[in-house]
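Asks: Fold the following and give me the result.
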Amino acid sequence: MPITRRELITGAAAGAGGLVIGGVTGSLIGGGDDGGGGGGETSLSGQAAKVAEERKLSPDDVTRAVKTFIPPGGEAKDEFFLICSGGHSGQVIVMGVPSMRTLKVIGVFAPEPWQGHATGAAHSNEIISKGTDAKSKPTSAAGGNLTWGDTHHPALSETKGEYDGRWAYINDRANGRIAMIDLRDFKVKQIVDVPNLDSSHGGVFCTPNSEYVHISTMSPTLLDPTKAETALANFKDAFRGFSTFLKVDEKTGRMDLAKSFQIELPPYTQDLADSGKLVSDGWVFINSYNSEMAFGGNNEGGKPLEVGASANDFDMMHIINWKKAEQVVASKAKTINGMRVIPMDVAVSEGILHLAPEPKSPHGVDVAPNGNYISVGGKLDPHVTIYSMEKIKAAIEKKDYEKVDQFGVPVLKLDSVVAGRVEVGLGPLHTQYDAEGHGYISLFLDSAVAKFSLGEPYFSGDKAFQLVDKLPVHYNIGHLCTMEGDTVSPKGKYLIALNKWSIDRFPVVGTLKPQNFQLVDLTGEKMEILSETSIGLGEPHYVQAIAVDKVKAWEVYPLGTNPGTMEKDPNSIDTGGEKYQRNGTTVEAWVSVKRSQFKPDIIRAKKGDKVILHLTNVEKTPDATHGFSIPRYNINVSLDPGEYSKVEFTADAQGTFAFYCTEFCSALHLEMQGWLVVG
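Replies: Residues are numbered from 1 along each chain as shown. Okay, here's the model as predicted:
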């Protein structure tokens, strides 16, 4: 009978003669002396013990290794996908849990040649170019297009507060943009340059039924760019923040600006945000810092920005009733740069916008699974402050205000809205949850993860709002993620610690160190680090974890699918549909791509001709991907099985150019080439 992974971990199926290493019987780790897996149990134990001894592994090390090991071709598979921001790589990284293997890099805001993103295919070139088109924004980059982004906070589509595996969204912190990724093929489909947002740090989330995806300003936006020279000195009047609700098409996942809206906010620095659910459904929460509206000037006689931005005792959590805003926007919005905007005074008078004091310099504002508790970590306060939605609603109903701020926004009394506070340690940032009523918060300065309890209905009496456990990690943890930890039913089991430094953790690879992910086991009484993974592909800021079985990814496109539309393209062909034609100065060819040939394999043009190639990978076998590259023309297209792609260029260089397949595809891969002849 085959041994299950659980039996391997617990040693429950151990034979009588095997040497136990950390609860794992050595004889269950490998095969016999002949490698066949039968008999020889004593020698098998010896093999395992010898490897552990040679590598200086403790029994606990062996147990941790088995918990995360995915055997080649075995039944054990990764249980979760991690959808990771790639920082200023501009991309998204997909990893597996518990293996922590990198499975894919998704090209988003920057060209990604391996997958042909923005390096030749018309649909991906258009995604990049259309992602730089908001009014009032500078377009000084070559061709007016931005070709990089700073991905920060991914969001996954939801149905009834559960991840549904359809789409992912990611913001560009540098430029105030947002991208949509279709999880059927794990490719970007849309980039929206959001009007009135110059930057966005952490405002991305989906509402519980993916009615909207939200993104907000980080640094406030200058309302009139012509007054830039005097703007900082007139900060209070010159700048505003904007909370943006982008309408999601329920069939495609794309964002529709015409049906979207914004809410004008005070010119504070808005940061992380989260959507309410269940008890708090219809509400959103955005934290902010720099309610002082400091702007620096340390070389002009002013205070450093970080000093001025830390003067007040509290910053301000924004509490927004988006369902009320949805009703108001049709009749009381104004239009700014093509976007419907609810003015701040209207948001106040309609009861859409409230503020509540929150700890200094907050980062995370995170809604618990029952929707009632909202946890806020302030970097300059050693406590996590836990708000209650029930208390917030009651305070709003009673108009239990501490004051009205200088922009006319009512500020709720802190004592009226807080359910509890837990002293967790230094530098609390971001919280995720399990299903039992625990929060897990990252502690940047302590370099640790703290586990704390919530109140009723999870815990009561002296067990409520208590520190439960604390786990040292290594070097300044930023965000963290539990499995589906911001949904209505978290899966617990694992936690990912995203550590910003990695000194002494990996071999030295030069002056730029890799980022450091740690996988933490949540199943025991105490948290335990299972593994550590270097991330050398960018600087992930935040990740979301979704169960693998929720994602229904395609292995093969239906023949002729255009990834830009996810529908059959009218210019796609099957084998036998190849053709080639000239119309004036335009050369157009319909090309089939398969192992191991392009047909037609000679394209003839004259210098100055416009060349249009319709490429269809007619393969039906999973992973039968082909490439199409033309040297010196800066074109590289990746064609997955069944995929259609259009390539357009001007034949402006004379010569013969041997185009070829860039994806190793078959024994005759090197013979898979053709000629572009430009006379």
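Asks: who's in contact with Ser331?
Replies: Going by Cβ atoms under 8 Å, 6 or more residues apart in numbering, Ser331 touches no other residue. Backbone N, C-alpha and C define where each C-beta goes, glycine included.
Asks: residues contacting the spatially most central residue of the chain?
Replies: Taking Cα atoms, centre = their mean as the criterion, Pro154 is the residue nearest the geometric centre of the chain, at 2.5 Å. Pro154 sits next to Ile83, Cys84, Ser85, Val92, Ala168, Tyr169, Ile170, Val204, Tyr542, Val543, Gln544 when contact means Cβ under 8 Å, 6+ apart.
Asks: Same check on Ala651?
Replies: Val587, Ala605, Lys606, Lys607, Gly608, Asp609, Lys610, Val611, Leu676, Val678.
Asks: who wins for most neighbours among those residues?
Replies: Leu676 (24 neighbours; other Cβ atoms under 10 Å).
Asks: my guess is it is in a helix, correct?
Replies: No. Counting by DSSP: H, G, I helix; E, B strand; the rest coil, Leu676 is located in no helix; its state is strand.
Asks: how close does Phe205 sit to Cys84?
Replies: 16 Å (Cβ to Cβ, to the nearest Å).
Asks: nope, Arg240 is what I meant
Replies: For Arg240, the distance to Cys84 - Cβ to Cβ - is 32 Å.
Asks: Give the residue from those two that has the larger number of neighbours.
Replies: Cys84 (31 against 22).
Asks: which residues does that one bridge with?
Replies: Under DSSP bridges, the beta-bridge partners of Cys84 are Ile93, Val543.
Asks: shouldn't it be in contact with Glu539?
Replies: No. Look at Cys84 against Glu539 with Cβ atoms under 8 Å: they stay out of range, at 10.2 Å.
Asks: what's across from Asn171 in the sheet?
Replies: Ile178.
Asks: thinking again about what came up before, which one of the contacts of Ala651 is nearest to Pro113?
Replies: Leu676 (18.9 Å; Cβ to Cβ).
Asks: mind listing the helices for the stretch 151-300 of the chain?
Replies: Secondary structure of the stretch 151-300 of the chain (DSSP state H, counting those that start in this stretch): helices located at 228-231, 235-238.
Asks: Show me what the mean pLDDT comes to for the first one.
Replies: What it means is helix 228-231. Confidence for helix 228-231, expressed as mean pLDDT, is 95.
Asks: how about it: buried residues?
Replies: Ala231 (16 or more other Cβ atoms under 10 Å).
Asks: Number the residues from 12 up from this point.
Replies: In the new count, where the first residue is 12, that last one comes out as helix 239-242.
Asks: any chance of the contacts of Pro165 in TSV, plus distance to Gly472?
Replies: Formatted as TSV, the contacts of Pro165 follow (distance: Cβ to Cβ, whole Å):
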residue	distance to Gly472
Ile94	38
Cys95	39
Ser96	40
Val103	44
Ala179	41
Tyr180	41
Ile181	42
Val215	37
Tyr553	34
Val554	35
Gln555	34
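Asks: I'd like the residues you listed laid out as TSV, including distance to Gly293 and pLDDT.
Replies: Listed next are the contacts of Pro165 as TSV, based on distance: Cβ to Cβ, whole Å; pLDDT from 0 to 100:
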residue	distance to Gly293	pLDDT
Ile94	26	98
Cys95	30	97
Ser96	28	97
Val103	29	98
Ala179	23	98
Tyr180	20	98
Ile181	25	98
Val215	19	95
Tyr553	24	95
Val554	27	97
Gln555	22	97
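Asks: Outline the domain layout of the protein.
Replies: Under the assignment automatic domain parsing, the domains of the chain span 16-79, 207-304+314-487+505-549, 572-689.
Asks: tell me the contacts of the residue nearest to Thr597 when sequence neighbours are not counted?
Replies: Nearest residue to Thr597, sequence neighbours excluded (Cβ to Cβ, 6 or more residues apart in numbering): Lys621, at 4.7 Å. Neighbour list for Lys621: Thr596, Thr597, Val598, Glu659, Phe660, Thr661, Ala662 [criterion: Cβ under 8 Å, 6+ apart].
Asks: if I look at Lys621, how far off is Tyr444?
Replies: 56 Å.
Asks: same check, this time on Phe91
Replies: Taking Cβ to Cβ as the criterion, Phe91 is separated from Tyr444 by 16 Å.
Asks: In the stretch 562-690 of the chain, what residue spans correspond to strands?
Replies: Using DSSP state E, counting those that start in this stretch, the strands found in the stretch 562-690 of the chain span residues 572-573, 578-579, 590-594, 597-605, 608-610, 613-616, 621-628, 637-641, 646-650, 655-661, 666-671, 684-689.
Asks: Show me the contact partners of the last one.
Replies: Judged by Cβ under 8 Å, 6+ apart, the contacts made with strand 684-689 from elsewhere in the structure are 609, 611-618, 620, 622, 641, 644, 662, 664-672.
Asks: mind redoing it with 6 Å?
Replies: Outside strand 684-689, the residues that touch it by Cβ atoms under 6 Å, 6 or more residues apart in numbering are 609, 612-616, 618, 641, 662, 665-671.
Asks: of those residues, closest to Val422?
Replies: Nearest member of the contacts of strand 684-689 to Val422, counting by Cβ to Cβ, is Ile641, at 61.3 Å.
Asks: What is the burial count for that closest one?
Replies: 22.
Asks: That one against Phe670, yeah?
Replies: Yes. Using Cβ atoms under 6 Å, Ile641 makes contact with Phe670 at a distance of 4.7 Å.
Asks: which residues does Ile488 bridge with?
Replies: Under the criterion used (DSSP bridges), Ile488 bridges to Asn510.
Asks: Surely it touches Ile452?
Replies: No. Applying Cβ under 6 Å as the test, Ile488 and Ile452 come out as separate, 9.8 Å apart.
Asks: re the thing from before, between the contacts of Lys621, which sits nearest Arg516?
Replies: For the contacts of Lys621, the nearest to Arg516 is Phe660 (45.6 Å; Cβ to Cβ).
Asks: Beta-bridge partners for that closest one, please?
Replies: Beta-bridge partners, per DSSP bridges, of Phe660: Val622.
Asks: gap between it and Thr263?
Replies: Taken as Cβ to Cβ, the span from Phe660 to Thr263 is 29 Å.
Asks: And for Ser386?
Replies: Ser386 is 34 Å from Thr263, by Cβ to Cβ.
Asks: These two: which has the busier surroundings?
Replies: Neighbours were counted for Ser386 and for Thr263 using other Cβ under 10 Å; Ser386 has more, 27 against 16.
Asks: list the contacts for that one?
Replies: Asp377, Val395, Ile397, Thr442, Gly450.
Asks: The first one reaches Asp285, doesn't it?
Replies: If I follow you right, that is Asp377. Yes. Using Cβ under 6 Å, Asp377 is in contact with Asp285, at 5.4 Å.
Asks: Checking the closest residue to Ala344 other than its chain neighbours next. Helix, strand or coil?
Replies: Excluding the flanking residues, the one nearest Ala344 by Cβ to Cβ, 6+ apart is Arg351, at 4.2 Å. Secondary structure, three-state DSSP: Arg351 is strand.
Asks: can you check Val339 too?
Replies: Val339 ends up helix, using three-state DSSP.
Asks: coming back round to it: please report the distance of the residue nearest to Thr597 from Glu659.
Replies: 7 Å.
Asks: likewise Gly388?
Replies: With Cβ to Cβ as the criterion, Gly388 and Glu659 are 50 Å apart.
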